[in-house]
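>>> Show me how the following folds:
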Amino acid sequence: MVNKLLFKYFLFFFLSVFISCACASQTVTKDSANEAYEIGAMVQNIQVALKAPNDQQSLQTIINYGTDSRYYMMIRGWLFQELVAVESQLHASKEAKIRAKFQNKSNFLKQAIRAIDLE
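This next block holds a predicted model:
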């Protein structure tokens, strides 16, 4: 008896969630598809920039995207998490060559964060 009642409640709950989600869903417009494409391109460009910390254009790419108020928090959070990971690797490394690579990337990330914070 209790199992049947629970089943009915769960069925009612899932049907109501499904119906509300179906009613709330939007149709994809050309503008929203274009915006999604632009965000995807931005993410890919930032990923490329993070892989080349010695390139001055990399810093400029991050600054250009990071100073856009729509994406500032996302990009700054991303850069901060990258910095935490790089500094963890830096502190765990013993070899001088590897430490220098991580120190270079850490310096780059700190510079990028400072640059977007100051804008």
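>>> just for the protein, where's the confidence low?
1-28 (pLDDT under 70).
>>> secondary structure class for residue 79?
When classified by DSSP: H, G, I helix; E, B strand; the rest coil, residue 79 comes out as helix.
>>> Just list the residues touching it, thanks.
By Cβ atoms under 8 Å, 6 or more residues apart in numbering, the contact set of residue 79 is 62, 66, 109, 112-113, 116. Bear in mind the C-beta positions are built from the backbone N, C-alpha and C, glycine included.
>>> do residue 52 as well
residue 58.
>>> For it, grab phi and psi.
For residue 52, the backbone dihedrals (degrees, to the nearest 10) come out as phi -130, psi 70.
>>> try residue 54
phi -80, psi -10.
>>> you'd agree it is up against residue 104?
Yes. Between residue 54 and residue 104 there is a contact at 7.1 Å, judged by Cβ atoms under 8 Å.
>>> Neighbour count for these two, which is higher?
Neighbours were counted for residue 54 and for residue 104 using other Cβ atoms under 10 Å; residue 104 has more, 14 against 9.
>>> element containing the more buried one?
Assigned by DSSP states H and E, residue 104 falls within helix 96-118.
>>> And for that helix, what's in contact with it?
So helix 96-118 is contacted by 53-54, 58-59, 62-63, 66-67, 72, 75-76, 79-80, 82-83, 86-87, 89-90, 93 (Cβ under 8 Å, 6+ apart).
>>> Give me the subset of those residues lying in strands.
Of those, none are assigned to strands by DSSP state E.
>>> Mind giving me the PyMOL command for buried ones among these?
In PyMOL, this line selects whichever of those come out buried by 16 or more other Cβ atoms under 10 Å:
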select buried, resi 53+58+59+62+63+66+75+79+82+83+86+87+90
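>>> Now distance to residue 48 too, for the contacts of residue 79, in JSON lines please.
Shown next, in JSON lines, are those (distance: Cβ to Cβ, whole Å):
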{"residue": "62", "distance to residue 48": "10"}
{"residue": "66", "distance to residue 48": "15"}
{"residue": "109", "distance to residue 48": "15"}
{"residue": "112", "distance to residue 48": "14"}
{"residue": "113", "distance to residue 48": "18"}
{"residue": "116", "distance to residue 48": "17"}
